[in-house]
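Asks: below is the sequence, then the predicted model.
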Amino acid sequence: MTEDDSLFTITEGHLDSGMRGIPVGTCKTSFVDPIEGVHYVGYPVEDLANLEEEDVIYLLMHKRLPTEEESEAFRTELAHRAMEMPTGALRVLESLTPGSGHPMDWLSMGIMALGAADTTGDVRSGKKENLQPSKPELGLVENFTHMLGMTGEEAERMNRVLRFFFILHLDHGGGNLSTFTGKAVASGRATVYASIASAMNALSGPLHGRANQACLEFVQRIGTDDPDEIESFVRAELAAKRPIFGFGHGVLRAEDPRARLLIGLGAEVCPDDENYRIVKNLREVVPPILKEHPKIKNPYPNVDLGSGSLLHAIGFRKPEYYTTFFGWARVAGICAQIMDERNARDGRGTPIYRPKYIPINQPHRRLE
Ligand code: NMX
Ligand code: MLT
C-alpha cells in the first residue's frame, strides 16, 4: 500500500460506533483473522500454545522464535530483572485495608507505586499535617488555596489565576490523548476510577499534559529574555531533535486561544516576572523558526506555553506538579464525555472500542 491509498471511507454510520473497523495504524506483533483467529507474527496461536512462554514473548519482541542459545539467554535476563518490591512500594500495598477494592485496583496501584519508586528511589510522603481543614463550600479552587493556608491578597491572586487556568483546561474535544484513553478504557465498562487513572497516565507524557512542566523547565534553562539568545537556544533544541514545548498541535493550525488568554492574564498579574518575559518573547521568536520546517503543521503557541510561568509566579515553585493541575481540571471533561458515551444508544452505551490495525510483515507461517 502507498501513502495515498484510500483504506476506508467513513460514513455517518461509522460515527459513535466505537471506531469499529476504522484503520488507525499498523501492527507487527499480531493480527486477528476473522475466521482463523489470532496469529502471532504470522503463526496461528495453536502452533505456539505448547512452547515455553518466554519463547513466545521473545517472538513478539523480536518477530522470530529464538534459537536454543537465545532462548536460554532471554530466560536468564528475565530472571535477572525480577526484583524485590522496594519498601515504599510495598508499604503502599500494605496500607490498603484488607478487602477494600478489587484486586485489579491493587495491581494498578502496585504498578504505579513501582513506577514512583523507580524514579524517586522511593515513594514520597505527603504532609497532611500542614493542610487546613477542607471547606468544600468555598468551591473547588478557593477550597484548594484555603487548604494550602493562603489568605489575603496572595490568596486572591492565586484564586484568580487558578480559576482561569482550571476553566481553560476543562475539556478539549474527544480525541485528545487523555480523553480518548479515558473513554477507551471506560468503553470496556471499567469503573470511572480506572478510566480516569488511565486518562491521567496518558496526560502524563511530555507531548501532552506534561508539556506545561517541560515548557517552564525549558524557559528556566533559557534564563534570559534576550531574543537573540532565545533564538540560538531554540535552534539548538531543534538541531538536537528535541521538541519545542508549548508550540504545535495535532488539530489546531493557529495560535491556541487558551495560550493567548493565559499570556494576557500574565500581563495583569506578573508583567515583570522573568519567566513570563521569556514566554512573551518565545511567542514572538519561535513561530518564524518553526515555519522554516514545513513538516511542522502548526508553528504557533499551544496552551502549555504560558501556563507554567503563571503558576510559578503565583507561588507554585515545583513544575513537576503542574500537570496535576491540568489533570484536576480535565477530569471533569473526561467524566462528562464518559457519561455521554455510557448514555448513548438509548442507554446501552458506546460499544467497546476496537479499532483495526493492519498487519505488516506477518506472512502466514506454520511450525514444521
Ligand atoms: N517542536 C519540534 N518538532 C515539532 C513540533 C514542535 N513543537 N511540533 C511538531 N513537530 C514535529 C513532529 O515531531 C513531527 O516530526 P516527525 O515527522 O519527525 O515525527 C512533525 O513536526 C509533524 O508533526 P505535526 O503533525 O505538526 O504535529 P503532531 O500532531 O504529530 O504533534 C504535538 C502535535 C503537540 C505532539 C507536537 O506539536 C509537539 O511535540 N509539540 C511540543 C510538545 C507540546 O507542547 N505538547 C503540548 C500539546 C498540547 N497539550 O497540552 O497536549
Ligand atoms: C489538550 O488540551 O488536550 C491538548 O491541546 C491536546 C489535544 O487537544 O490534542
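Replies: Arrived safely. Ligands and ions are numbered 1, 2, ... in the order given.
Asks: which residues touch residue 261?
Replies: 164, 168 (Cβ atoms under 8 Å, 6 or more residues apart in numbering). Any C-beta I mention is one placed from the backbone N, CA and C, and that applies to glycine too.
Asks: also residue 189?
Replies: Going by Cβ under 8 Å, 6+ apart, residue 189 touches 349, 352.
Asks: buried stuff in the longest helix anywhere in the chain?
Replies: The residue-count maximum for a helix in the chain (DSSP state H) belongs to helix 322-343. By 16 or more other Cβ atoms under 10 Å, the buried positions in helix 322-343 come out as 322-323, 325-331, 333-335, 337-338, 341-342.
Asks: give me the residues contacting it.
Replies: For helix 322-343, contacts defined as Cβ under 8 Å, 6+ apart pick out 162, 165-172, 174, 178-179, 182-183, 186-187, 192, 195-196, 199-200, 203-204, 209-210, 212-213, 216, 307-308, 311, 316, 349-350.
Asks: for ChimeraX, what selects the buried ones among those?
Replies: If you want just the buried ones from these in ChimeraX, going by 16+ other Cβ under 10 Å, the selection is:
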select :162,165,166,168,169,171,172,178,179,182,183,186,187,192,195,196,199,200,203,204,209,210,212,213,216,307,308,311,316,349,350
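Asks: filter the contacts of helix 322-343 down to the ones near ligand 1?
Replies: Filtering these for proximity to ligand 1 by Cβ under 6 Å from any ligand atom leaves residue 209.
Asks: what about the closest residue to ligand 2 within the stretch 1-150 of the chain, which SS state?
Replies: Per Cβ to the nearest ligand atom, residue 24 is where the stretch 1-150 of the chain lies closest to ligand 2, at 15.1 Å. Following DSSP: H, G, I helix; E, B strand; the rest coil, residue 24 is assigned to strand.
Asks: picking that back up, can you name the element that comes right after the longest helix of the chain?
Replies: Along the chain past helix 322-343, the next helix or strand (assigned with DSSP states H and E) turns out to be strand 356-359.
Asks: between the two ends of stretch 75-94, how far is it?
Replies: Start-to-end span of stretch 75-94 (Cα to Cα, to the nearest Å) is 30 Å.
Asks: list the buried ones in it?
Replies: Applying 16+ other Cβ under 10 Å to stretch 75-94 flags 75, 86, 88, 89, 90, 92 as buried.
Asks: so the fourth one touches residue 114, yeah?
Replies: Yes: with contacts counted by Cβ atoms under 8 Å, residue 89 reaches residue 114, the gap being 5.0 Å.
Asks: residue 95: how many residues sit nearby?
Replies: By other Cβ atoms under 10 Å, the residues close to residue 95 number 8.
Asks: related to what we said a few turns ago, wouldn't the residue of the stretch 1-150 of the chain closest to ligand 2 be in contact with residue 356 here?
Replies: Yes: Residue 24 is within contact range of residue 356, at 7.3 Å (criterion: Cβ under 8 Å).
Asks: who has more neighbours, those two?
Replies: Neighbour totals were compared for residue 24 and residue 356, and residue 356 leads with 17 against 11 (other Cβ under 10 Å).
Asks: give me every residue that touches that one.
Replies: So residue 356 contacts 21, 22, 23, 24 (Cβ under 8 Å, 6+ apart).
Asks: against ligand 2, how distant is residue 214?
Replies: Counting by Cβ to the nearest ligand atom, to the nearest Å, the gap from residue 214 to ligand 2 is 14 Å.
Asks: can you pull the contacts of that residue?
Replies: Applying Cβ under 8 Å, 6+ apart to residue 214 gives the contacts 206, 243, 245, 304.
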